[in-house]
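Engineer: return atomic coordinates for the entry below.
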Amino acid sequence: MTSLVTLDYVAIGLYMVLMAGIGIFFKWYVKDLNAYTKGSGALPWVAAGISNFMALFSTFVFVAYAGIAFEHGLVSVTVFMGTVPACVIAAAVFAKKWRRSNVSTPVEYLETRFNASLRQTVGWVGILMRILDNTVRLYAIGIFLTAVTPLSLPMSMILSSVIVIGFTLYGGLWAVSIMGTVQFIILLFTSIMLFWLSLNRVGGFSAIEAQIPEHLNWFNGPKGQFFWLAIYYLMIIIKYNENWTLIQRFYSVRDEKDAQKVGYLTAALFLVTPILFMVPPIVSRMLMPELPDKEMAYVAISSLLLPPGLMGVMIASMFAATMSSLNSEYNVVASVLSKDVYQRLINKNATDQQLFMMAKVASVLVGLLVLLGALFIDDFGGAFEANKLFTGILAIPVGIPLVLGIVNKKATPGGAMLTIIVGSITGITLNALPQYFSWELATTIEVIICLVIFWASGLQNNGNAAYRERVRALFQVLNSPIVDKPSVDRNFEKALKYLYAISLLFSAVLFIGMGLPYLDQLSGTLSIASGIVCLLIGGVIWWAMRKNEPEDSVQPPHHPNRMNKIKTPAD
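Structural biologist: Next up, the predicted model:
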């Protein structure tokens with residue numbers, strides 16, 4: 001594989017400038033914890049949905065799933081599709097409940113639904129789980145950088161971690177969401193470009209079918225077996241619905257309908273994009289069958305087909321995917337550490353400014369812990385196996401009380417706690433005995449045990465009248481439509497649209513500038529075409545804004561906290 005050259009670093013530098021500009025923009029507006037971790041409850045649903053999509057997969061897809069694609073082909077898409085039913089169920093069943101709960105953190109409602117002990121348990125175990133999950137993401141981007149730069153894997157992860165932590169500190173959830181939307185555009189166009197170049201290089205799907213026909217089988221290999229897929233889909237449904245980032249997006253938009261739109265948009269993006277991501281590593285199997293590390297398949301094919309400059313854009317888009325994911329994760333974990341840990345256990349009278357500062361400190365702490373864990377991912381057999389193992393052991397027992405507690409009012413606090421304890425012990429024990437229990441069987445037993453304990457606890461009557469009244473009142477709120485719908489300052493909304501336009505125009509310059517030296521090649525033509533599309537979309541947004549604002553230009557609100565002034569119909 002070829003290393004990055006000066007033009008590639010220029011492309012990456014331009015991308016970083018764009019992201020820094022977005023972060024600085026939001027630093028002017030985000031001055032309290034509500035805006036930092038919840039977006040003041042007024043995020044646009046499109047931005048929330050796209051950024052949620054970006055937050056849920058990261059470069060992990062281009063390492064772990066790409067390794068499956070290289071080895072077994074389109075079954076990687078089949079495995080990837082487990083995210084679709086998970087997001088559809090989230091939108092149809094849980095989105096309204098989360099938005100109506102009016103929480104500031106995903107575990108906050110557990111104290112009312114169960115008790116303070118369960119809230120703390122789920123909070124602490126959830127933090128551990130999120131840290132373990134994110135070590136895989138950081139490891140994945142390290143793999144990418146190691147393949148194309150002189151950096152070692154540890155140095156690649158350290159550099160990536162420093163950059164991600166730095167961007168997380170600016171702008172909070174607003175910056176994360178808007179960055180995610182812009183990053184999605186860059187990722188989408190670069191992925192389409194590599195998809196087209198890959199098929200063109202080998203002669204299309206017909207050539208793949210002639211040389212490696214088994215790779216076009218949607219159920220090829222061990223991961224295509226019905227039992228494995230069924231359990232994996234079930235695990236992903238639980239994991240995604242207890243994912244703090246997804247829950248955060250639901251309670252950060254204006255109302256229940258917007259929350260459902262976030263879930264359905266995320267599902268739609270997961271439905272249409274996997275084929276774009278997985279075909280290039282399949283082609284790399286044809287062009288580089290002796291590739292020593294299958295998880296390098298995507299970066300290897302990128303290095304082979306993309307010229308200097310455009311390879312930098314690809315690396316930037318890969319970094320975009322991971323940065324969007326880690327930004328979101330660090331932000332939501334910081335919200336739990338500040339509200340559910342710091343305020344509840346250390347400083348009950350903490351001011352909003354103290355909580356805001358604690359959230360930023362927590363973001364740095366989480367980032368450092370993720371970096372520490374990422375250094376040991378190789379010991380677990382690579383990115384995919386590590387992610388699967390962590391999810392099976394922790395996500396299931398913790399996720400069932402968190403997710404089902406918001407729709408099932410009969411389960412008791414004792415049953416929820418027992419679900420976590422027995423489920424975790426079961427997962428650890430069974431996965432420690434692979435000679436007796438396959439991953440599929442171990443996960444099946446763990447899920448059954450957790451569901452039975454949680455459901456059975458609701459068969460007994462809880463004698464505490466105060467508890468029953470508290471749960472009744474909570475479910476009354478969860479079943480009642482929202483009346484007061486927050487919105488942001490009108491000047492900020494206008495400035496936000498200009499930010500989108502400028503970001504698209506900047507992206508257009510990036511694509512066109514990197515494509516011009518290779519105008520006589522297909523890669524250059526595709527890059528320029530991508531830039532023209534970005535230019536047109538950005539130009540339309542800019543023109544529409546200027547048309548609606550004929551006399552005065554949009555200026556940032558005079559007071560830095562204007563974004564936090566929530567307007568309701570009663571104002």
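Engineer: my guess is residue 340 meets residue 108, correct?
Structural biologist: Yes: the criterion here is CB atoms under 8 Å, and residue 340 meets it with residue 108 at 6.5 Å. All C-beta spots, glycine's among them, are computed from the backbone N, C-alpha and C.
Engineer: list residues touching both of those two?
Structural biologist: Both residue 340 and residue 108 are contacted by residue 119, under the criterion CB atoms under 8 Å, 6 or more residues apart in numbering.
Engineer: the more surrounded of these two?
Structural biologist: residue 340 (25 against 20; other CB atoms under 10 Å).
Engineer: who's in contact with the residue lying closest to the more buried one once chain neighbours are set aside?
Structural biologist: Of all residues not flanking residue 340 in the chain, residue 123 sits nearest, at 4.5 Å (CB to CB, 6 or more residues apart in numbering). The contact partners of residue 123, by CB under 8 Å, 6+ apart, come to 105, 107, 336, 340, 341.
Engineer: before we move on, what about residue 375?
Structural biologist: Counting by CB under 8 Å, 6+ apart, residue 375 touches 154, 157.
Engineer: got it, and residue 159?
Structural biologist: Applying CB under 8 Å, 6+ apart, the residues near residue 159 are 145, 151.
Engineer: A helix includes it, no?
Structural biologist: Yes: the assignment for residue 159 is a helix, going by DSSP: H, G, I helix; E, B strand; the rest coil.
Engineer: gap between it and residue 97?
Structural biologist: 40 Å (CB to CB, to the nearest Å).
Engineer: from residue 196, how far out is residue 106?
Structural biologist: 39 Å.
Engineer: try residue 535
Structural biologist: Distance, residue 535 to residue 196, using CB to CB: 20 Å.
Engineer: do the same with residue 414
Structural biologist: 57 Å.
Engineer: looking at the two, which is more packed in?
Structural biologist: residue 196 (18 against 15).
Engineer: contacts only, for the closest residue to that one other than its chain neighbours.
Structural biologist: In this structure, residue 196 finds its nearest non-sequential neighbour in residue 526, 6.1 Å apart by CB to CB, 6+ apart. By CB under 8 Å, 6+ apart, residue 526 lies in contact with 192, 193, 196, 197, 515.
Engineer: list the buried residues in the helix or strand encompassing residue 526.
Structural biologist: Assessed by DSSP states H and E, residue 526 sits inside helix 522-548. Neighbour-count burial for helix 522-548 flags 523-524, 526-531, 533-535, 537-538, 541-542, 545 (criterion: 16 or more other CB atoms under 10 Å).
Engineer: flag the least confident of those residues.
Structural biologist: Comparing pLDDT over the buried residues of helix 522-548, residue 545 scores lowest. The value there is 69.
Engineer: next structured bit after the helix or strand of the chain with the lowest mean pLDDT?
Structural biologist: None of the helices or strands of the chain scores lower by mean pLDDT, DSSP states H and E than helix 33-38, at a mean of 52. Proceeding N to C from helix 33-38, the next assigned helix or strand is helix 45-57, under DSSP H and E.
Engineer: I'd like the mean pLDDT over that following helix, please.
Structural biologist: 82.
Engineer: buried residues in that helix?
Structural biologist: Within helix 45-57, judged by 16+ other CB under 10 Å, the buried ones are 45, 47, 48, 49, 50, 51, 52, 53, 54, 55, 56, 57.
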